[in-house]
Structure formats: structure tokens, C-alpha cells
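> would you be able to build a 3D model of this:
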Amino acid sequence: MKYIHVARDGRDVCMSYHNHIRAFTADARAALDQAGLEDEAIARPYPHVPEDPELFFHCWLTQGAVPGEEDGWPNLSFFAFQRGYWDARRRPNLLLVHYADLKADLEGEMRRIADFLEISVGPELWPRLVAAAGFEAMRRDGDTLMATTKLMFEGGAERFFYRGSNERWRGVLHPEDLALYDWKLKARLPPGCAAWVAQGRLAAGDPRQST
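Model prediction:
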């Protein structure tokens, strides 16, 4: 079995995550609440997160939802999650991909993924595949490709494929929280991992060759 882990700058992750949580339909929230209450390990409804993205980022950065973790609320710790994949990065059945690299060179990353999965693609198909994998195309066709988004998110695929851009956090998040994020990124992750999470493979270098 092969695994692909796609990472992204944590600040962008948090902004996207906040959009998704705030977009849940009433039925989706009810289903998540029921699942949490019925699970003995969770035993509570799904947390209701603040509407303000600045406040949400502060909670995400300073509160843990999993025993032993000090951040990541209402989910897993972002830093612990990335560290786990980083520690396994040299396994032959794991490929690390980064959102920034997909934005910078979508075709190159798609070819790298195809090689990893040992999928042969005819040269005449590549332009169509790359066009179909672009953000605007996925947003346009999302209700067809992911029909369940209409049930889970207000606004359906348009809300799920919200903006697809990086650095939406600039001018939104509090400077002290941004400084804490930078500190945690460097304190919790090895230097190579911190650089890769922040910049991606094209800027920071091949993770398999990094320390």
C-alpha cells in the first residue's frame, strides 16, 4: 500500500479549516454531534468554533483536544501530525507533497505522483488532466465531482473550494500569535521539516535528503 501526505503552511491550514468548520450545514453539525456523543473516547458533541478567524487561530495554536497535545483544537496537533510523516519520509511507500509546490508546478507534481503510483499516462492526456486538476476547474465542477458537499457545506462545492490561495492570514491574525506559531514551528519540528512545512520541496529541498 502507498501513501501520499499533502502538507501546507500551518497558518493557511488553519484559515482553510476554519472556513470548512464554519460552513457545516445544520444536518452535518447534527451528525458530527451525534458521532461525538456516541463515541466513548470523545463523549461530547463537535465543538462550536468562534466565528472570528483570529480568535480561532489563537485557540488552535494554544489549546489541545487530544490528551498530551497542547495545540490543534478542535482536532489533532498540526505540529505532531507533520512530525509523524516527516519521521517516516524515507519509507519507499510514502510520498510527501506540498500545497505550495502544487500551486507552483501542478504538472510537475502530478507527474511525480503518477511516477510514485506507477501510473502510466499518455502524453496527449496530460494537458487535459492538468487543466482538470486546477483550482478553478475543481471549483466549477465540484458539485458533480463531490456531490456530498451539498449536504455537508453551506454553498456546496463553492464553499469547500473556497479560495485556494495562500497567505490569507496576512492582516488577519494577531502578531503575537504569529510569533508563537513561528516559535512552535522551530521548537517542535526539526529544521528540515520546519523549512519544508513553510515552503515546500521546490523551495526547501527534497525532504528525503533533509535532516
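
> ranges for the helices of the protein?
With helices called from DSSP state H, the chain shows them at 10-22, 26-38, 53-62, 78-87, 99-104, 106-117, 126-133, 135-145, 149-152, 157-160, 175-188, 191-199, 201-204.

> as CSV, the ones you listed with mean pLDDT and mean neighbour count would be great.
(Each C-beta comes from the backbone N, C-alpha and C, glycine too.) Shown next, in CSV, are the helices of the chain (pLDDT from 0 to 100; neighbours: other CB atoms under 10 Å):
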stretch, mean pLDDT, mean neighbour count
helix 10-22, 93, 19
helix 26-38, 93, 13
helix 53-62, 97, 19
helix 78-87, 97, 18
helix 99-104, 96, 19
helix 106-117, 97, 15
helix 126-133, 94, 13
helix 135-145, 85, 14
helix 149-152, 83, 16
helix 157-160, 79, 19
helix 175-188, 97, 14
helix 191-199, 97, 20
helix 201-204, 95, 17
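
> render the CA-only coordinates of stretch 75-91 in PDB, please.
The C-alpha atoms that make up stretch 75-91 are tabulated as PDB, following Å, rounded to 0.1, in the frame of the first residue of the first chain:
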ATOM      1  CA  ASN A  75      -8.500  18.400  16.200                       C
ATOM      2  CA  LEU A  76      -5.000  16.900  16.200                       C
ATOM      3  CA  SER A  77      -1.900  18.900  16.800                       C
ATOM      4  CA  PHE A  78      -0.700  20.300  13.500                       C
ATOM      5  CA  PHE A  79       3.000  20.100  14.600                       C
ATOM      6  CA  ALA A  80       2.700  16.500  15.900                       C
ATOM      7  CA  PHE A  81       0.900  15.400  12.700                       C
ATOM      8  CA  GLN A  82       3.600  16.900  10.400                       C
ATOM      9  CA  ARG A  83       6.400  15.400  12.600                       C
ATOM     10  CA  GLY A  84       4.900  11.900  12.300                       C
ATOM     11  CA  TYR A  85       5.000  12.000   8.500                       C
ATOM     12  CA  TRP A  86       8.400  13.700   8.400                       C
ATOM     13  CA  ASP A  87       9.900  10.900  10.600                       C
ATOM     14  CA  ALA A  88       8.600   8.400   8.000                       C
ATOM     15  CA  ARG A  89       9.600  10.400   5.000                       C
ATOM     16  CA  ARG A  90      12.200   7.900   3.700                       C
ATOM     17  CA  ARG A  91       9.800   5.000   3.600                       C
END
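
> neighbouring contacts of that stretch?
Contact with stretch 75-91 is made by 5, 7, 10, 13-14, 17, 60, 64-66, 69-72, 94, 96, 184-185, 188-190, 192-193, 196-197, 207-208, as judged by CB atoms under 8 Å, 6 or more residues apart in numbering.
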